Each structure stands twice: as C-alpha cells, then as structure tokens.
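Participant: Curious how this folds, go ahead:
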Amino acid sequence: MDIAICWGAVPKGIKINALLEHAARFSTDTGLTVQLFDAAAIAGEEHLRSAALHALRAFERKSMRSSSVGMEMLLYASGRRQIKDAVALAGITDRTRKLAAVIAGQGVEGKCGMLLKSLGLARLSEAEAAGGEDAVARLGIPANGVDKQKLRELALEQVALLDIER
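Facilitator: Numbering: from 1, shown residues only. Modelled structure (predicted):
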C-alpha cells in the first residue's frame with residue numbers, strides 16, 4: 001500500500017466539521033484512506049509515515065484498537081491508546097492552523113494536490129507545517145535542546161511504543 005503525506009494551511013473561519021466531511025467524501029470517491037492531523041502535533045513526515053505503516057500492519061494482522069485505519073493512524077501518531085486522548089492531542093480542532101494529512105492506498109501519487117484543493121487549503125512544505133520540538137513536547141516527551149534528528153527519533157519511538165504496550 002502506498003502512502004502520501006500532505007501539509008496544508010487552514011484558513012481562519014473554516015469549519016472543522018466541513019474539513020472532515022470533505023476528507024471523508026474524498027476518501028469515498030477515491031477509495032483511499034484519508035486521515036487529518038493537527039500539524040502542530042506532528043514531528044515530521046517520518047513520524048506520520050511510521051504511524052501509517054503501524055496502522056496498516058495492525059489492519060493486516062486484525063489487531064486494530066479502532067474501527068478504521070485512519071483512526072488507527074491517529075492513535076499511533078499520538079502515541080495514545082484511547083481514541084478520545086488521540087483526538088485531543090493530534091486531531092484537528094478550530095484552533096488548527098496547519099494541517100497534515102495521510103493518504104493511503106493504491107495510486108496515491110498526485111493525490112495530495114487534489115485533496116488539499118478539495119479541502120480549500122493552500123499547500124505547505126513539511127518545514128513550514130510540522131510541529132518539531134513543540135510536537136514532541138505535546139506527545140509528552142521532554143526534548144529540551146535536542147536536535148531535529150533526535151526529535152524525529154523520539155517521535156518514532158513514541159509510535160513504536162504503542163505496539164509494545166498492547
């Protein structure tokens with residue numbers, strides 16, 4: 001299964017329920033899994049890719065904690081076992097200004113632009129959107145003075161720990 005990571009700017013005044021509805025419609029129309037995240041809670045692309053791969057593996061092994069691959073991605077990205085906690089930590093809210101999206105399935109190439117357009121978002125780069133040290137702090141990992149590479153490693157460890165805690 002292929003994975004694409006998208007980053008976008010959320011305009012002020014946009015309704016989060018509308019974003020979620022458009023993402024669900026895009027998912028249905030394309031047959032792809034789409035999950036949205038508050039980019040401030042994401043350390044970078046590797047963090048999301050790892051969460052997506054863990055979620056897809058859980059789906060294949062029939063060991064998911066949730067009822068959808070997208071929600072499973074949110075659990076892994078947040079490092080939380082409870083959906084409520086995962087949504088509070090890494091889900092999109094009315095305060096979300098930068099968004100990350102994972103698209104998973106066959107033929108995801110070129111779909112980021114389509115998704116962002118359907119959501120009415122301007123494309124951002126990973127460097128412009130990812131939360132970095134603040135994201136790792138949100139995950140509950142102390143990261144004082146840690147370099148960017150180590151931050152990514154800490155976020156990946158948080159994703160992997162969810163499997164160990166089963």
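Participant: Tell me which residue is most central in this protein.
Facilitator: Phe37 (4.2 Å; C-alpha atoms, centre = their mean).
Participant: That one touches Leu89, doesn't it?
Facilitator: No - with contact defined as C-beta atoms under 8 Å, Phe37 does not reach Leu89; the gap is 9.7 Å. The C-beta positions use only the backbone N, C-alpha and C, and glycine is treated the same way.
Participant: returning to what we had before: quick check: chain neighbours aside, which residue is closest to the residue nearest to the centre of the chain?
Facilitator: Ala100 (4.4 Å; C-beta to C-beta, 6 or more residues apart in numbering).
Participant: hey, where'd the strands end up in the chain?
Facilitator: Remark: strands assigned in the chain by DSSP state E are 2-9, 33-38, 98-105, 122-123.
Participant: Please name every helix or strand in contact with the second one.
Facilitator: Applying 3 or more C-beta pairs under 8 Å, 6 or more residues apart in numbering; DSSP states H and E, one finds that strand 33-38 contacts helix 16-30, helix 69-78, strand 98-105.
Participant: distance of Phe26 from Leu156?
Facilitator: For Phe26, the distance to Leu156 (C-beta to C-beta, to the nearest Å) stands at 28 Å.
Participant: Likewise for Ala135?
Facilitator: Per C-beta to C-beta, Ala135 is found 12 Å from Leu156.
Participant: what residues are shared contacts of the two?
Facilitator: Common contacts of Ala135 and Leu156 (C-beta atoms under 8 Å, 6 or more residues apart in numbering): His47.
Participant: Look at the two and report which has more neighbours.
Facilitator: Counted by other C-beta atoms under 10 Å, Ala135 and Leu156 do not tie: Ala135 has more neighbours, with 27 against 17.
Participant: Spatially nearest residue to that one, not counting backbone neighbours?
Facilitator: Nearest residue to Ala135 in three dimensions, chain neighbours excluded: Ala43, at 4.6 Å (C-beta to C-beta, 6+ apart).
Participant: Isn't that neighbour up against Gly131?
Facilitator: Yes - the criterion here is C-beta under 8 Å, and Ala43 meets it with Gly131 at 6.5 Å.
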